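In: turn this into a model:
(2 chains)
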Amino acid sequence: MITAEQQTRWQERQLAALTPPHRGPDSGDLLERVRQQARASLPDQPVLNRKQEAWRYTSVDKLLAQTYAAPRHREELGEADIAGYDLPELDGYRLVFHNGQCLPKLARLDGLPQGAIAGSLRACLSTDGGLISRHLGQQAGLEGNLFTALNGSLIDNGLLLHIGAGVELDRPIQIVHISEGLGQAVVSQPRHLIVLEAGARATVVEHFVGQDADGYFHNNLAEIVLGEHAALEHYRLQDEGDASYHLSSLYLQLQAASLYRGTALSFGGAWARTDYKVAFAGEAASCDLSGLYTAGDEQLNDIHLDVRHNLPRCTSRERFKGIAHGQGHAVFDGRVLVERDAQRSDARLKNDNLMLSRKAMIDTKPQLEIYADDVVCSHGTTVGQIEPDQLFYLRSRGIGPATALRMLCQGFAGEIVEDMDSEPLREHAYARLSSILDNAGQTE
Amino acid sequence: MLSIKNLQVSVEDKPILHGLDLQVGRGEVHAIMGPNGSGKSTLSYVLAGREGYQVTGGEVSFDGVDLLGMEPEERARAGLFLGMQYPVELPGVNNMSFIRESLNAIREARGEAPLDAVAFMQRVREKARLVGLNEKLLKRSVNSGFSGGEKKRNEILQLAMLEPKLAILDETDSGLDIDALRVIAEGVNSLRDPQRAMIVVTHYQRLLDYIRPDHVHVLIGGRIVRSGGPELAQELERRGYAWLEEEAA
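Out: Below you'll find the predicted structure:
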């Protein structure tokens, strides 16, 4: 278990190893302001050990046992290098990040509607500084942790996506995040800012992939702001390399009558965690979070939700399904808080888990805290196994046991996958699940 | 085609079948009747290869091959089909995809090419009409939320699609009203074929008014205590099982 001293030493080593080179006047005071704020908060960050409720099931011991170097960037990467990571069937716009830096050569933004900005945060500093200044660090300042503070302390680049009032992004935009150590353990910490102004609409597909021989750490932080009546469809495909560490910290602010639909498919990494923090900033907003996550041998996969109904008439849906196989460890900790003034809130939290082996481990903790009296809320959790009768039924129809298992698991996942409004994404999800189950081998 | 000799089966160390003999030839329809607890479902399941049934003696050969040494999917691929008394629900598994997966696994084992999507759709629709299954249920999850009758129709639909050499229908009539029974029986009758054998397992004679068997066997206490023609079913309908149970005891 990590001690306060170990954590402090790690963060000092990281700061020393990673202080970004000064990049000239364009980085301006803006990023430096965020850095200084985050740095000032570092000493106050709690120790991430089991005594912290939010980190109780998620040991960071292995992660902090290593010091991560700043990654090298390969600006020369071409189409051929990313062929396996791209989802061409999506037929959308595209931005590619390599170790946290945008690769402009690989961007595909032709025809981007007027009023939409998509690009690297750093490149936009000179043109859209006001916009960035208004939002950057506003959401993420609250209730952070060691990793979010570290991300802020070293903020350097990331994504800026801004959709102007009333503008609709006509095609999805795909953001490919590629990580690789190139011979050393590295950390990349991109910072993403997604702002949809009033009435704007967009679909964003993020894909996290990597070459992981050296066990990189991808520590991204996204701040997402939806204006009134804005709607964002946000898919996140986490297919990091097998030995990697992945942390996604998402901070959402939803203004009146806005709609956020987030789907997380988290399959990769040796240690992976997705943290959603949702705050409503206007009434009648709606937040729909769903996801599918798997954990096999030597793998921890963790989904954390913190949804705060702080204003009346907002709706939230949380539906997550986990599959643990081999000696995998799957964690779900979903907290929905309904504050006293949040009357007529509607919140439904559900987590279902499938255990494919005796040695797998599942922690699930749905928490619903209600302080208002006129609300519709529910929560539930299940942990189950494949029913022998279901397996027998399929086998009695000539279907082999491996295929039968895959069909039942896909059936279990179907509730999440079928709700995705994109055929290529559904196919991707089923294909990934298939290959995970094929490699999982015999169940015990 | 199917030869069962002195079959003895236990469930959780409790003997259920005590030396059962049965010979079923190509094109024949056999009915196995018996009171509750006589071992009817055990016989069905042990032939299909369900877990939890210990064969303690005897042998079963199917087309000359040792059936009991085969995995459930191998039995299905060899041409054995069990229409279940309680078909399980498979949430999230699309009924049409399931039937297609099943059919293509069996076709592959028979050395046939998989059916393409169009040919499959045509056939599954035609067979769904034959057994009176609403086409909407093809798009739903397998048996999920189906009524008792719909589940049974779905079983017979699979029978019609898979065209097995030997079909075992376990209590296919249970839970059916008379109209559903008639439709299902018509479906089964249309699948009678000189190359195909059937074993109809039932508690009541009612089903046999619609599916006329060539042979009727009475299973009591884990043994076949009497065999005869269709008239034996009529006699059971009149007299019940008690007189045979007394004789067997």
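In: and the pLDDT at the closest residue to chain A within chain B?
Out: Nearest to chain A, among the residues of chain B, is B:Gly92, at 2.9 Å (CB to the nearest CB). C-beta here means a position set from N, CA and C on the backbone, and glycine is covered the same way. Looking at B:Gly92, its pLDDT is 92.
In: number of nearby residues for it?
Out: 19 (other CB atoms under 10 Å in any protein chain shown).
In: how about it, secondary structure?
Out: Taking DSSP: H, G, I helix; E, B strand; the rest coil as the rule, one finds B:Gly92 in the strand state.
In: and A:Ser357, by the same measure?
Out: Classification of A:Ser357 by three-state DSSP places it in coil.
In: would you confirm that it contacts A:His329?
Out: No. Using CB atoms under 8 Å, A:Ser357 makes no contact with A:His329, being 11.7 Å away.
In: could you pull up the residues touching residue 157?
Out: As the question left the chain open, I've gone with chain A. Contact partners of A:Asn157, counting by CB atoms under 8 Å, 6 or more residues apart in numbering or on different chains, are A:100-102, A:120-122, A:190-191.
In: think we crossed wires, I meant chain B
Out: B:99, B:124, B:127-128, B:130-131, B:133.
In: so which of those are in helices?
Out: Counted as lying in helices by DSSP state H, out of the contacts of B:Leu157, are B:99, B:124, B:127-128, B:130-131.
In: need the max-distance pair from these.
Out: B:Ile99 and B:Leu130 (13.8 Å; CB to CB).
In: so for the two, which residue has more residues nearby?
Out: Neighbours were counted for B:Ile99 and for B:Leu130 using other CB under 10 Å; B:Ile99 has more, 23 against 17.
In: and the residue nearest to that one when sequence neighbours are not counted, how many neighbours does it have?
Out: Distances taken as CB to CB, 6 or more residues apart in numbering or on different chains put B:Met161 closest to B:Ile99, at 5.7 Å, once the chain neighbours are dropped. By other CB under 10 Å, 22 other residues sit near B:Met161.
In: tell me which element B:Met161 falls in.
Out: Element membership for B:Met161 (DSSP states H and E) is helix B:148-162.
In: what angle separates the helix or strand just after that helix from helix B:148-162?
Out: Remark: after helix B:148-162, the chain's next helix or strand is strand B:166-170, criterion DSSP H and E. Orientation note: strand B:166-170 sits at an angle of 170 degrees relative to helix B:148-162 (axes from the mean of the first three to the mean of the last three CA atoms, to 10 degrees).
In: now strand B:166-170: mean pLDDT?
Out: Averaging pLDDT along strand B:166-170 yields 96.
In: repeat for stretch A:112-127
Out: Across stretch A:112-127, pLDDT averages out at 93.
In: endpoints of that stretch, how far apart?
Out: Stretch A:112-127 stretches 17 Å from its first residue to its last (CA to CA, to the nearest Å).
In: please list all residues in contact with A:Val307.
Out: Counting by CB under 8 Å, 6+ apart, A:Val307 touches A:276, A:278, A:287, A:289, A:316, A:318, A:334-337, A:347.
In: hey, what's it bridged with?
Out: Beta-bridge pairing for A:Val307 (DSSP bridges): A:Val278, A:Val336.
In: roughly how far does it sit from chain B?
Out: Distance, A:Val307 to chain B, using CB to the nearest CB, to the nearest Å: 26 Å.
In: check A:Leu221 too.
Out: From A:Leu221 to chain B the distance is 34 Å (CB to the nearest CB).
In: contacting residues for that residue?
Out: Going by CB under 8 Å, 6+ apart, A:Leu221 touches A:140, A:148, A:151-152, A:189-192, A:248-251.
In: next one: A:Pro43
Out: By CB under 8 Å, 6+ apart, the contact set of A:Pro43 is A:Thr8.
In: could you identify the most distant pair in the contacts of B:Leu157?
Out: Greatest spatial distance among the contacts of B:Leu157 (CB to CB): B:Ile99 and B:Leu130, at 13.8 Å.
In: thinking again about what came up before, which of the contacts of B:Leu157 tops the neighbour count?
Out: Busiest of these [other CB under 10 Å] is B:Leu133, holding 28 neighbours.
In: where does chain B have low pLDDT?
Out: Under the criterion pLDDT under 70, no range of chain B is flagged.
In: buried residues in the helix-or-strand element of chain A with minimal mean pLDDT?
Out: Sorting the helices and strands of chain A by mean pLDDT, DSSP states H and E puts helix A:28-41 at the bottom, at a mean of 86. By neighbour count, with 16 or more other CB atoms under 10 Å in any protein chain shown as the criterion, the buried positions of helix A:28-41 are A:30-31, A:34-35, A:37-39, A:41.
In: chain B: helices as residue ranges?
Out: With DSSP H as the criterion, chain B has helices spanning B:40-48, B:72-77, B:95-109, B:117-131, B:148-162, B:178-190, B:206-210, B:230-239, B:242-248.
In: how near is A:Ile132 to chain B?
Out: 43 Å.
In: sorry, slip of the keys, the one I care about is A:Leu265.
Out: Taking CB to the nearest CB as the measure, A:Leu265 falls 16 Å from chain B.
In: what about stretch A:242-262, start to end distance?
Out: 24 Å.
In: now it, how far from the centre of its chain.
Out: Here stretch A:242-262 is found 6 Å from its chain centre; the criterion is CA atoms, centre = their mean, to the nearest Å.
In: got the buried residues for that stretch?
Out: Using 16+ other CB under 10 Å as the test for burial, stretch A:242-262 gives A:243-262.
In: what is the mean pLDDT for that stretch?
Out: For stretch A:242-262, mean pLDDT rounds to 97.
In: so what secondary structure elements neighbour the one helix or strand A:Val331 maps to?
Out: Using DSSP H and E, A:Val331 maps to strand A:329-338. In terms of contacts (3 or more CB pairs under 8 Å, 6 or more residues apart in numbering or on different chains; DSSP states H and E), strand A:329-338 is packed against strand A:286-295, strand A:300-309, strand A:315-324, strand A:346-355, strand A:361-370, strand A:376-385.
In: how far off centre is stretch A:345-361?
Out: Centroid separation between stretch A:345-361 and its chain, computed with CA atoms, centre = their mean, is 18 Å.
In: list the buried ones in that stretch?
Out: Neighbour-count burial for stretch A:345-361 flags A:345-357, A:360 (criterion: 16+ other CB under 10 Å).
In: now A:Ala123. Its backbone dihedrals?
Out: Backbone torsions for A:Ala123, taken as degrees, to the nearest 10, come to phi -70, psi -30.
In: quick one: residues contacting B:Phe54.
Out: Careful, residue B:54 is Gln and not Phe. Residues near B:Gln54 by CB under 8 Å, 6+ apart: B:9-11, B:13.
In: can you get me a residue count around the closest residue to A:Asn220 other than its chain neighbours?
Out: Among residues not flanking A:Asn220 along the chain, A:Pro190 sits closest, at 5.0 Å (CB to CB, 6+ apart). Neighbour count of A:Pro190, defined by other CB under 10 Å: 25.
In: again, but for the one 10 residues further on
Out: A:Ala200 has 25 neighbours, counted by other CB under 10 Å.
In: quick check: bridge partners of the residue nearest to it when sequence neighbours are not counted?
Out: Setting aside the residues directly before and after it, A:Ala200 is nearest to A:Ile163 in space (CB to CB, 6+ apart), at 3.9 Å. Beta bridges link A:Ile163 to A:Ala116, A:Leu196 when assigned by DSSP bridges.
In: of the buried residues of stretch A:345-361, which is the nearest to B:Arg238?
Out: Of all these, A:Leu354 has the smallest distance to B:Arg238: 51.9 Å, by CB to CB.
In: residues contacting the closest one?
Out: Residues near A:Leu354 by CB under 8 Å, 6+ apart: A:321-324, A:384-386, A:409, A:412.
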